[in-house]
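In: can't give you the sequence, but here's the structure:
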């Protein structure tokens with residue numbers, strides 16, 4: 001595919017008609033999303049086996065670059081829950097340094113996908129596979145948070161599903177009721193806060209004060225983080241905090257550092273690199289499609305998938321040099337951005353700057369954040385991330401759909417996302433071939449006498465009608481014609497009616513050649529009528545059309 005990409009960030013289009021009202025709306029949305037991103041970025045990094053500042057600076061740097069260079073108006077980039085399981089596995093198996101190299105290499109792949117305009121290929125991943133691995137990742141995220149939610153004394157959680165279950169069971173005797181209470185209160189608060197702050201709720205009907213209504217607009221994760229952290233600090237609860245585990249968050253800009261790079265290392269990291277690139281592409285473009293569906297602003301335009309992939313790639317190339325983690329489009333923060341009134345990529349850039357100011361000014365306060373509260377936030381994220389209703393709806397779909405979705409789900413949980421997507425795509429291709437081959441039909445028409453070229457003869461003729469696509473998965477069905485010819489009268493003329501043949505590949509062409517060979521061996525002739533453009537083009541280019549035209553008349 002030729003390189004025909006024009007680099008044009010959506011920001012340039014947005015600024016052409018920008019005004020003060022849009023600026024105020026974008027600033028308000030950006031500040032809101034920046035506050036929401038604070039607990040999520042820390043939680044994602046900690047759950048991935050990294051320090052909290054890795055998630056924070058990923059959200060700041062990648063969030064700014066994705067908004068400034070991307071192909072969407074309102075998408076927010078940063079660390080995502082979908083990467084938790086992947087990053088944790090890479091860190092455990094290869095180490096943090098190799099995670100940085102994998103992330104940068106994945107960024108290069110994403111840029112190449114965009115430059116070669118391959119963004120639309122992501123849409124070819126079946127929705128059943130996307131739902132399967134999304135639900136599987138949600139289960140693994142929830143499982144990874146059980147340790148901190150229960151306050152268990154475990155130095156290092158393994159990456160394997162069954163090993164995690166075994167490790168948790170072996171350390172249940174270290175259960176911390178205070179941590180469990182904080183986590184449970186966090187989850188309950190996250191579920192209840194939106195319902196309590198709705199205009200129609202009894203609470204809001206009683207509390208009409210302006211200050212109360214203003215407070216009600218504060219995002220639920222921020223309310224949970226602040227109130228429960230203050231509660232744990234005031235009561236001096238014996239729970240693990242960011243300060244006790246990590247020593248706090250540095251109140252300074254990240255240091256630019258080159259990872260220890262070598263081609264020998266890169267060759268070992270092919271699988272994690274492809275995994276990060278594939279998941280990043282899928283997540284970012286799915287998020288962009290969700291944004292297109294939800295955005296109602298008059299200035300919103302459909303996303304450019306190739307420009308978005310280039311921006312995601314550049315962000316992932318830059319972030320590792322500052323100790324960051326993989327970044328992609330984030331659905332929760334993008335939806336918050338839209339509902340907060342964002343109109344352009346400026347909102348995403350303000351979100352990144354807001355988060356940077358909070359980190360540089362208020363980093364010491366993070367010392368007192370209980371890890372159980374962050375675990376509660378991630379449990380809530382996992383619940384919202386999973387499309388659990390799809391399990392109930394499985395009864396309405398075919399066995400193919402059920403096999404793809406459930407197979408991808410269980411492979412994601414038991415093995416990992418790479419295996420799940422690889423096997424899922426293989427099964428999708430195999431099932432698609434099977435279904436398409438089942439749709440191809442060869443039907444024998446009533447016997448007639450030949451009237452080729454308007455000259456009736458005494459030669460018997462048989463007509464077969466081809467329906468569907470004649471490709472490698474269906475070529476064997478032409479054996480019925482070969483067997484009929486071999487069992488028929490000598491000199492039989494065979495007419496193939498291709499008026500309903502929609503596609504032909506080289507394997508199908510070879511099957512037609514076998515029919516021609518069988519017909520010629522019995523002294524007959526083969527005619528193919530009513531060909532559509534694609535089958536006709538292949539027949540002519542391959543020389544098979546010349547072979548048909550060169551058939552000799554054999555006297556009856």
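Out: In hand now; what should we look at? Note that the coordinates shown come from a computational prediction; the quantities given were computed from them, not determined experimentally.

In: Name the nearest residue to the most centrally placed residue in the chain, ignoring sequence neighbours.
Out: By Cα atoms, centre = their mean, the mean C-alpha position of the chain lies nearest to residue 282, the distance being 2.7 Å. Closest residue to residue 282 apart from its sequence neighbours, by Cβ to Cβ, 6 or more residues apart in numbering: residue 122 at 5.6 Å. The way it works is simple: take the backbone N, C-alpha and C, and place the C-beta from them, glycine included.

In: Just give the number of residues close to the one you found.
Out: Close neighbours of residue 122, defined as other Cβ atoms under 10 Å, add up to 19.

In: Report the contact partners of it.
Out: 281, 282, 285, 305 (Cβ atoms under 8 Å, 6 or more residues apart in numbering).

In: from these, which single one is nearest residue 84?
Out: Of all those, residue 84 sits closest to residue 282, with 15.4 Å by Cβ to Cβ.

In: element containing that closest one?
Out: In this structure, residue 282 sits in helix 270-294 according to DSSP states H and E.

In: what helices or strands is the helix or strand that comes right after that helix leaning on?
Out: Per DSSP H and E, the first helix or strand lying C-terminal to helix 270-294 is helix 305-318. For helix 305-318, the elements it packs on are helix 52-69, strand 77-78, helix 96-115, helix 270-294, strand 328-329, judged by 3 or more Cβ pairs under 8 Å, 6 or more residues apart in numbering; DSSP states H and E.

In: Out of these, which one sits most buried?
Out: The highest mean neighbour count among the helices and strands packed on helix 305-318, using mean count of other Cβ atoms under 10 Å, belongs to strand 77-78: a mean of 34.

In: That one pairs with which strands, and in what direction?
Out: Looking at strand 77-78 with DSSP bridges, its partner strands are strand 328-329 (antiparallel).

In: that older thread, for the residue nearest to the centre of the chain, what are its contacts?
Out: Residue 282 neighbours (Cβ under 8 Å, 6+ apart): 122, 125, 130.

In: Return the distance of it relative to residue 428.
Out: Distance, residue 282 to residue 428, by Cβ to Cβ, to the nearest Å: 14 Å.

In: Could you do residue 471 as well?
Out: Distance from residue 471 to residue 428, by Cβ to Cβ: 16 Å.

In: Then residue 410?
Out: Using Cβ to Cβ, residue 410 is found at 16 Å from residue 428.

In: Residue 241 too?
Out: Counting by Cβ to Cβ, the gap from residue 241 to residue 428 is 45 Å.

In: what about residue 410 and residue 428, which has more around it?
Out: Between residue 410 and residue 428, residue 428 has the larger neighbour count (other Cβ under 10 Å), namely 20 against 14.

In: That one contacts residue 124, doesn't it?
Out: No: with contact defined as Cβ atoms under 8 Å, residue 428 does not reach residue 124; the gap is 9.2 Å.

In: check which helix or strand covers the nearest residue to residue 435 once chain neighbours are set aside.
Out: Distance criterion Cβ to Cβ, 6+ apart; nearest residue to residue 435, sequence neighbours excluded, is residue 400 at 6.9 Å. For residue 400, the host element (DSSP H and E) is helix 399-414.

In: Any buried residues in that helix, and which?
Out: 400, 401, 404, 405, 407, 408, 409, 411, 412, 413 (16 or more other Cβ atoms under 10 Å).

In: cool, and stretch 148-156?
Out: Residues 148, 149, 150, 151, 152, 154 are the ones in stretch 148-156 that count as buried (16+ other Cβ under 10 Å).

In: Now render the residues you listed as a markdown table, adding distance to residue 337.
Out: As requested, the buried residues of stretch 148-156 are exported to a markdown table (distance: Cβ to Cβ, whole Å):
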| residue | distance to residue 337 |
| --- | --- |
| 148 | 28 |
| 149 | 29 |
| 150 | 34 |
| 151 | 34 |
| 152 | 36 |
| 154 | 36 |
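
In: What is the nearest of those to residue 237?
Out: Closest to residue 237 out of these is residue 151 (10.0 Å), distances taken as Cβ to Cβ.

In: ok, that closest one - contacts?
Out: Contact analysis of residue 151 by Cβ under 8 Å, 6+ apart lists 174, 175, 176, 177, 178, 179, 180, 239, 240, 372.

In: what about 10 Å?
Out: Residues near residue 151 by Cβ atoms under 10 Å, 6 or more residues apart in numbering: 174-183, 238-240, 370-372, 375.

In: So how do I select the buried members of the residues you listed in PyMOL?
Out: In PyMOL, a selection of the buried entries from these looks like this (16+ other Cβ under 10 Å):
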select buried, resi 176+179+180+181+182+183+239+370+371+372+375
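
In: what about the strands in this structure?
Out: Applying DSSP state E to the chain gives strands spanning 77-78, 328-329, 441-444, 448-449, 460-470, 493-504, 525-529.

In: If we go by neighbour counts, what in stretch 338-357 is buried?
Out: 338, 340-356.

In: Check the offset of it from the chain's centre.
Out: Average the C-alpha atoms of stretch 338-357, do the same for its chain, and the two points are 23 Å apart (Cα atoms, centre = their mean, to the nearest Å).

In: Out of the buried residues of stretch 148-156, which sit inside helices?
Out: Among the buried residues of stretch 148-156, the ones falling in helices (DSSP state H) are 148, 149, 150.

In: Isn't the last one up against residue 171?
Out: Right, residue 150. Yes: using Cβ atoms under 10 Å, residue 150 is in contact with residue 171, at 8.7 Å.

In: Format the contacts of residue 122 as CSV; extra columns: distance to residue 40 and pLDDT.
Out: What follows is the contacts of residue 122, written out as CSV (distance: Cβ to Cβ, whole Å; pLDDT from 0 to 100):
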residue, distance to residue 40, pLDDT
281, 21, 91
282, 20, 87
285, 21, 87
305, 25, 92
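
In: Okay, now the unreliable bits of the chain?
Out: 1-5, 197-217, 297-298, 447-459, 552-556 (pLDDT under 70).

In: for the helix ranked longest in it, which positions count as buried?
Out: As assigned by DSSP H, the longest helix anywhere in the chain is helix 20-47. Residues of helix 20-47 classed as buried under the neighbour-count rule (16+ other Cβ under 10 Å) are 22, 25-27, 29-47.

In: Next: stretch 423-434.
Out: Within stretch 423-434, the residues scored as buried using 16+ other Cβ under 10 Å are 423, 424, 425, 427, 428, 431.

In: which residues does the closest residue in space to the fifth one that isn't next to it in sequence contact?
Out: Counting by Cβ to Cβ, 6+ apart, residue 126 is the residue found nearest to residue 428 once chain neighbours are left out, at 5.0 Å. The neighbours of residue 126, taking Cβ under 10 Å, 6+ apart as the test, are 132, 400-401, 404-405, 408, 424-425, 427-429, 431-432.

In: Cool, thanks, signing off.
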